[in-house]
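Student: next comes the sequence, and after it the predicted model I'd like to discuss.
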Amino acid sequence: MADGSAGTAGRPAAAVADAAAVAVSRVGETLEGVFATVAATAAQSAALLAELRPLGRRPVTADLARLRPALCERLSRHAGLVSGTGFVAAPGLLADVPAGLEWWQAGSDGRAQPMLLDLDPATSAYADYTHWEWYALPRATGRRAVSGPYVDYLCTDEYTITLSAPVLLDGGFAGVAAADVYLRHFEDAVGPALRRVDGPAYLVNPRGRVAASNHASRLAGSLVKGLDAASVRGEVSLHDCGAIPLTLVTELT
């Protein structure tokens, strides 16, 4: 066997590792820019809520409108990748409604438009966002998250991944800042690098959901279990994506 060919089926392990490193770098380049906008929204939202504290009242929906110009600017700046972005309040944060958000998305003409949801728990059309992974993970962990892909029934009915981060007020959870990326746009950005990996290679989130793949055996949106055990057995290699909460998996069998 040739030097560096510890892989199977004649695939040099070093070549697979090198291609995986390029793919990991491409994932970071693509998503860190989106996470930067999420972080900016989180900081702006927290600052707004803190500014309202000395007024002796809880924030109301109208206060969130102050986030609007910056949200629309961020949406425009990342046109072609980010399809929607905003702040989603924790239930009970706002005084005038049970739940609320300031969310803007790109329309078919490219212009920013507000997302309107029924957030009244008393109605049959109530859109309860608190059980969605992009909201629940930052609330539970206090860290940023990549969720999906999933069909975004709340916004666009598109296959989507969502990047989110918690918004904290005096150390307590006040909601999340988030940005949506259509799966097709994400695959356009990282797909070429994944396809350079010889053999099955796919990105999974911490719950094992495939976010992008180069192989029909691991379709985006499918769930993969037992990766840690498979790694121990030498069946797969796991490539950390650094601060991005995704893992690149390359199959060795």
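Tutor: Nice, I can see it.
Student: what are the ranges of the helices in the stretch 101-250 of the chain?
Tutor: Using DSSP state H, counting those that start in this stretch, the helices of the stretch 101-250 of the chain run over 133-141, 183-195, 227-232.
Student: contacts for the longest one?
Tutor: Outside of helix 183-195, the residues within contact range by C-beta atoms under 8 Å, 6 or more residues apart in numbering are 19, 22-23, 25-27, 30, 80-81, 83, 148-149, 158-161, 201-203, 211-214, 220-221. Bear in mind the C-beta positions are built from the backbone N, C-alpha and C, glycine included.
Student: if we can go back for a sec, now the helices of the stretch 101-250 of the chain as CSV including mean pLDDT and distance to L71?
Tutor: Below are the helices of the stretch 101-250 of the chain laid out as CSV (pLDDT from 0 to 100; distance: least, C-beta to C-beta, whole Å):
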stretch, mean pLDDT, distance to L71
helix 133-141, 94, 16
helix 183-195, 95, 19
helix 227-232, 91, 36
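Student: for L71, give me phi and psi.
Tutor: The phi and psi values for L71, taken as degrees, to the nearest 10, are phi -60, psi -40.
Student: quick one: contacts for it?
Tutor: T41, T85, G86, F87, E102, W103, W104, A112.
Student: max pairwise distance over those residues: which two?
Tutor: Based on C-beta to C-beta, the longest span within the contacts of L71 runs between F87 and A112 and measures 14.7 Å.
Student: neighbour count winner among those two?
Tutor: Taking other C-beta atoms under 10 Å, F87 and A112 do not tie; F87 has more neighbours (24 against 18).
Student: could you list the low-confidence segments of the stretch 151-253 of the chain?
Tutor: Where the stretch 151-253 of the chain drops to pLDDT under 70, the residues are 153-156, 253.
Student: and the strands in it?
Tutor: Under the criterion DSSP state E, counting those that start in this stretch, strands of the stretch 151-253 of the chain are mapped to 159-169, 172-182, 201-204, 210-213, 236-240, 247-251.
Student: same check, this time on the stretch 1-150 of the chain
Tutor: In the stretch 1-150 of the chain, the segments counted as strands under DSSP E, counting those that start in this stretch are 82-89, 101-106, 112-114, 145-151.
Student: nearest to P138, of the strands of the stretch 151-253 of the chain?
Tutor: Among the strands of the stretch 151-253 of the chain, if distance is taken as C-beta to C-beta, the winner is strand 159-169, at 4.1 Å.
Student: tell me how far R196 lies from E133.
Tutor: According to C-beta to C-beta, to the nearest Å, R196 and E133 sit 29 Å apart.
Student: okay, the two: which has more neighbours?
Tutor: The neighbour comparison of R196 against E133 (other C-beta under 10 Å) goes to E133, with 19 against 16.
Student: who's in contact with the closest residue to S45 other than its chain neighbours?
Tutor: The spatially closest residue to S45, leaving aside those adjacent along the chain, is F87, at 4.3 Å (C-beta to C-beta, 6 or more residues apart in numbering). For F87, the contacting residues are 41-42, 45, 64, 67, 71, 101-103, 167, 175-177, by C-beta under 8 Å, 6+ apart.
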